[in-house]
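Participant: give me a model of this one.
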Amino acid sequence: MRNQIVAGNWKMNKTHAETEKLLSELSAKLPNTHAEVMVAPTYVNLLGAVQELESSTIEVIAQNMHFAKNGAYTGEISADMLQDIGVETVIIGHSERRAYFGETDAILKKKVAAALENNMRIMFCFGEELEDRKSGNHFNIVENQLKEALFELEAESWQRIVLAYEPVWAIGTGETASPEQAQEMHAFIRETITKAYNETIANEVSILYGGSVKPGNAAEIFSKPDVDGGLIGGASLVAEDFVAIIRAI
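Facilitator: Residues are numbered from 1 along each chain as shown. Here you go, the predicted model:
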């Protein structure tokens, strides 16, 4: 049975004090759930979050990492540094990293390899832009993003992969992605993995939806058979909203 996951990507938000407050609220209000719950604070708040959640089932994960072990990469963080403070899962390929920081498929492939070499778990993000959806090219874009970064991996590596589909066109654009559109793409992703590997891997990998999940639409989205949870942005910054989304799964 696939793991169900609700992960909060806090992006460049929350000071140290605000992070402590939000973590305390989440810990106090966390519902009894079979789903894995994760939060991704900023780099400077990762260690504090790990310590704050030491006795909690909430996992602290990283928003990004570099592919090199060390060296002259000003402002970057390595897998060793993350693991040294107790972080074992990293988000790779987020749409904002691709769009704002020029992360290409080739770069992401190196990051994936580095994370796997360090036995880390990967939450790999991918998805199409608005023009891709309007032109009907969205399936090709998604298939190519998966192929370029992941489809040369050994089959056993998929045990440490979580996928997060982000329809970039439905995030802050005024466009709306329906639960049916989410299900359609998630089913296509499983079909694509089946063709590249096999049906067992396709059915075992967790695929999260990252298209503006909120308390009001979470239950319907999570009810779809190929949607295994969500990568949550803005709604994860408010304890009540994030807890409501966790309850929805």
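
Participant: what about the helices in the chain?
Facilitator: Using DSSP state H, the helices found in the chain span residues 16-29, 46-52, 79-84, 95-101, 105-117, 130-134, 138-150, 179-196, 199-204, 218-222, 239-248.

Participant: and the helix or strand of the chain with the lowest mean pLDDT, what does it pack onto?
Facilitator: Lowest by mean pLDDT, DSSP states H and E among the helices and strands of the chain is helix 130-134, with a mean of 88. The criterion is 3 or more Cβ pairs under 8 Å, 6 or more residues apart in numbering; DSSP states H and E, and there are no helices or strands that helix 130-134 contacts. Placement of C-beta: from N, CA and C, glycine included.

Participant: in that helix, which residues are buried?
Facilitator: Neighbour-count burial for helix 130-134 flags 130, 132-133 (criterion: 16 or more other Cβ atoms under 10 Å).

Participant: likewise stretch 52-70?
Facilitator: Applying 16+ other Cβ under 10 Å to stretch 52-70 flags 52-53, 58-67 as buried.

Participant: with stretch 206-216 instead?
Facilitator: In stretch 206-216, counting by 16+ other Cβ under 10 Å, buried: 206-215.

Participant: again, but for stretch 145-152
Facilitator: 145-146, 149-150.

Participant: again, but for stretch 117-132
Facilitator: Here stretch 117-132 shows 118, 120-130, 132 as buried, counting by 16+ other Cβ under 10 Å.

Participant: any chance of TSV for the buried residues of stretch 52-70, columns pLDDT?
Facilitator: Below are those laid out as TSV (pLDDT from 0 to 100):
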residue	pLDDT
Glu52	96
Leu53	97
Ile58	98
Glu59	98
Val60	98
Ile61	98
Ala62	98
Gln63	98
Asn64	98
Met65	98
His66	98
Phe67	98
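
Participant: tabulate those residues in CSV, adding columns for distance to Tyr73.
Facilitator: CSV is the format used below for the buried residues of stretch 52-70 (distance: Cβ to Cβ, whole Å):
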residue, distance to Tyr73
Glu52, 28
Leu53, 28
Ile58, 30
Glu59, 26
Val60, 23
Ile61, 21
Ala62, 15
Gln63, 16
Asn64, 12
Met65, 11
His66, 5
Phe67, 9
